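Engineer: Structure here, sequence nowhere to be found:
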Ligand SMILES: C=C(CC[C@@H](C)[C@H]1CC[C@H]2C3=CC[C@H]4[C@H](C)[C@@H](O)CC[C@]4(C)[C@H]3CC[C@]12C)C(C)C
Ligand SMILES: C[S@@+](CC[C@H](N)C(=O)[O-])C[C@H]1O[C@@H](n2cnc3c(N)ncnc32)[C@H](O)[C@@H]1O
């Protein structure tokens, strides 16, 4: 009798612990999304694992192979965001980018400041219509709309993100100033010269050819308007003949749906090629900036907790099959990103500020 009571008590305690761990415990970094909310975007439950396998067999291959099928990239990027959007929101928040660490400031504050910097750089103000190229679920868009008083239109290729971003905008009372459109930034559904400014935060790295997306941004900006981009690139320290460097960069490409990272010195050249004046270029990761990768490194224990959570939710059939693999891929990717940051061969915040010249305005020769 006593053994039975003991067993019942143990079972109840175990059930309580699982309930707390899975349902009650929120995100690793941000409260709002819980482990039980991991849905894998617009993919139906039974297709998640297959979609992940398809994604992996496409992006696992080296840059050259991906280059041969450039036209397929946007569709695979869309699949990627179906697979990762909920995990990103759960473990990172509503802003899908890095920011320089600032001593004494939280990740949230550092993120906000990195986003608000855009407002000053493109001189966004009340009455302006600003374009967010590759807007994710809209973390930056909301910060920039509030800070500048502009209205912001975001575009993302991923339908699921559109729904998430709109819901967040409504919740924040910003659905009057922030609009979200589903579309490909290589062929945007916007009229020529219809924006007063534009920005892209860690998004144009998904374009097979940077000139294609820059040309589209150039087209939709009015003459005189400014554009800023935070680009993912390799730095001058990267050596293509160093196998460790190559492994780190390919690891970043594979786990982030990138068709091949560009070198930092290609960015301004491409911007000029499509007609922009380049006003400034700077790697925001360089000192005195604090290490952007610290946020990834400091979370190792959280990653393990998250791994256990996704495993339990999958076993309980709350999360679809395949989530554990996707989570594992992100964990690996975090390692490559950290190495890229520590060695200095990679930066996710190579900033370029451009202007669409006013007709007749003289372009600088360099
Ligand atoms: C700009 C892009 C995305 C940048 C970052 C927002 C994401 C890059 C790697 C992601 C993550 C890695 C590890 C995950 C962890 C294993 C999980 O438990 C919780 C979420 C992570 C921390 C996740 C969060 C987002 C990233 C940091 C690319 C795609 C161009
Ligand atoms: C890493 S997320 C960054 C999101 C947002 N800028 C932020 O910082 O939170 C990259 C974004 O680019 C979008 N994207 C990638 N390729 C795209 C394409 N061809 N057309 C439109 N959006 C694209 C993705 O859907 C995603 O929203």
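Structural biologist: Perfect, thanks for sending it. None of the values given here were measured: they were computed from a predicted structure. Ligands and ions are numbered 1, 2, ... in the order given.
Engineer: nearest spatial neighbour of residue 303, skipping sequence neighbours?
Structural biologist: What sits nearest to residue 303 in space, not counting adjacent residues and going by C-beta to C-beta, 6 or more residues apart in numbering, is residue 331, at 5.5 Å. (Glycine included, C-beta is placed from N, CA and C.)
Engineer: which stretches of the stretch 1-150 of the chain form strands?
Structural biologist: 129-133 (DSSP state E, counting those that start in this stretch).
Engineer: In it, where is pLDDT below threshold?
Structural biologist: Within the stretch 1-150 of the chain, the segments meeting pLDDT under 70 span 1, 14-32, 62-67.
Engineer: For it, what lies in contact range of ligand 1?
Structural biologist: Contact residues, the stretch 1-150 of the chain versus ligand 1 (C-beta under 6 Å from any ligand atom): 28, 87-88, 91-92, 96-97.
Engineer: same thing but 8 Å
Structural biologist: 28-29, 80, 84, 87-88, 90-92, 95-98 (C-beta under 8 Å from any ligand atom).
Engineer: Give me the subset of those lying in helices.
Structural biologist: 80, 84, 87-88, 90-91 (DSSP state H).
Engineer: Look up how far ligand 2 lies from the residue nearest to residue 303.
Structural biologist: Separation of residue 331 from ligand 2 (C-beta to the nearest ligand atom, to the nearest Å): 17 Å.
Engineer: Also residue 84?
Structural biologist: In terms of C-beta to the nearest ligand atom, residue 84 sits 9 Å off from ligand 2.
Engineer: going forward can the numbers begin at 46, since that is how I track them
Structural biologist: Got it, first residue is 46 now, which makes that one residue 129.
Engineer: pretty sure that residue contacts residue 375?
Structural biologist: Yes. Between residue 129 and residue 375 there is a contact at 6.7 Å, judged by C-beta atoms under 8 Å.
Engineer: Could you check which of those two is surrounded by more residues?
Structural biologist: Legend: neighbour count by other C-beta atoms under 10 Å for residue 129 and residue 375, higher for residue 129 (25 against 20).
Engineer: what about the longest helix belonging to the chain and ligand 1, any contact?
Structural biologist: The helix spanning the most residues in the chain, taking DSSP H as the definition, is helix 368-388. Yes. Applying C-beta under 8 Å from any ligand atom, one finds that helix 368-388 is in contact with ligand 1 at 372, 375-376, 378-379, 382.
Engineer: contacting residues for residue 101?
Structural biologist: Counting by C-beta atoms under 8 Å, 6 or more residues apart in numbering, residue 101 makes contact with 299, 374.
Engineer: ok, 10 Å please
Structural biologist: Residue 101 sits next to 125, 128, 299-300, 370-371, 374 when contact means C-beta atoms under 10 Å, 6 or more residues apart in numbering.
Engineer: picking that back up, nearest to ligand 1, out of the ones in helices among the residues of the stretch 46-195 of the chain next to ligand 1: which one, please.
Structural biologist: Nearest to ligand 1 among those: residue 136, at 2.3 Å, using C-beta to the nearest ligand atom.
Engineer: If you tally nearby residues, what's the number for that closest one?
Structural biologist: 22.
Engineer: That one contacts residue 371, doesn't it?
Structural biologist: No. Counting by C-beta atoms under 10 Å, residue 136 does not reach residue 371; the two are 11.7 Å apart.
Engineer: Overlap in contacts, those two.
Structural biologist: Listed as contacting both residue 136 and residue 371 by C-beta under 10 Å, 6+ apart are residue 129.
Engineer: Count the neighbours of residue 49 for me.
Structural biologist: Neighbour count of residue 49, defined by other C-beta under 10 Å: 8.
Engineer: what residues are up against it?
Structural biologist: Listed by C-beta under 10 Å, 6+ apart, residue 49 has no contact partners.
Engineer: ok, it to ligand 2 distance?
Structural biologist: Separation of residue 49 from ligand 2 (C-beta to the nearest ligand atom): 54 Å.
Engineer: What of residue 268?
Structural biologist: Look at residue 268 and ligand 2: by C-beta to the nearest ligand atom, they are 24 Å apart.
Engineer: residues touching the closest residue to that residue other than its chain neighbours, list them.
Structural biologist: Once flanking residues are discounted, residue 268 sits nearest to residue 403: 4.5 Å by C-beta to C-beta, 6+ apart. For residue 403, the contact set (C-beta under 10 Å, 6+ apart) comprises 267-270.
Engineer: Are any of those residues buried, and if so which?
Structural biologist: Those of those that meet the buried threshold are residue 270, by 16 or more other C-beta atoms under 10 Å.
Engineer: In the helix or strand encompassing residue 351, which residues are buried?
Structural biologist: Element membership of residue 351 [criterion: DSSP states H and E] is helix 345-360. For helix 345-360, a neighbour-count test (16+ other C-beta under 10 Å) marks 348, 351, 354-355, 357-359 as buried.
Engineer: ok but residue 310 is inside a helix, no?
Structural biologist: Yes. Counting by DSSP: H, G, I helix; E, B strand; the rest coil, residue 310 is found in a helix.
Engineer: pretty sure it is in contact with residue 326, am I right?
Structural biologist: Yes. Look at residue 310 against residue 326 with C-beta under 10 Å: they come within range, at 9.1 Å.
Engineer: Compare these two and say which is more crowded by neighbours.
Structural biologist: Each of residue 310 and residue 326 has its neighbours counted (other C-beta under 10 Å); residue 326 has more, 17 against 13.
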